[in-house]
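> next one to model:
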Amino acid sequence: MRFQPNRQGINSLMKTPETGAEVRRIAERIASAAAGAEGDFRTDAALGARRWRAAVIGNYNWSKSGGAAGSRRDLLRGLGGGE
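This next block holds a predicted model:
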């Protein structure tokens, strides 16, 4: 017997307020972990047509964090700290 996921059920779960709160919480953890000593990262979350989406936006402290290489390093550190 082959497994068939309940796509309608999964899709409905991806739009709940609880899922949105969890998506925002994880994005904020990633942003705070990425910020470190010099970075300044922000988050944005929205309910799209199919699911909640969130983004970590930055780096607003570009010159002090080391430019592109510093922002990349900080975001990678943040992704590790988000979980």
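
> okay, CA-based contacts and neighbour counts for the rest of this
Fine.

> the most centrally placed residue in the chain sits in which helix or strand?
Nearest to the mean C-alpha position of the chain, counting by CA atoms, centre = their mean, stands residue 27 at 3.3 Å. For residue 27, the host element (DSSP states H and E) is helix 17-35.

> so which elements touch that helix?
strand 42-47, strand 52-57, helix 67-81 (3 or more CA pairs under 8 Å, 6 or more residues apart in numbering; DSSP states H and E).

> looking at the ones you listed, which is closest to residue 11?
strand 52-57 (10.5 Å; CA to CA).

> for the helix holding residue 27, which residues meet the burial criterion?
19-20, 23-35 (16 or more other CA atoms under 10 Å).

> ok, the residues you listed vs residue 47, which is closest?
The nearest member of these to residue 47, counting by CA to CA, is residue 20 at 7.4 Å.

> how about that closest one, nearest residue that isn't a chain neighbour?
With sequence-adjacent residues excluded and distances taken as CA to CA, 6 or more residues apart in numbering, residue 20 is closest to residue 52, at 5.7 Å.

> how far away is the one you found from residue 5?
20 Å (CA to CA, to the nearest Å).

> so for those two, which sits in the more crowded spot?
Legend: neighbour count by other CA atoms under 10 Å for residue 52 and residue 5, higher for residue 52 (20 against 8).

> quick check: the more buried one touching residue 17?
No. The criterion here is CA atoms under 8 Å, and residue 52 misses it with residue 17 at 9.1 Å.

> buried set for stretch 32-52?
32-35, 38-43, 45, 52.

> farthest-separated two in those residues?
Applying CA to CA across the buried residues of stretch 32-52, the maximum distance is between 38 and 52, 29.2 Å.

> pLDDT weak spots in the protein?
Scanning the chain for pLDDT under 70 picks out 37-39, 60-62, 64-65, 81-83.
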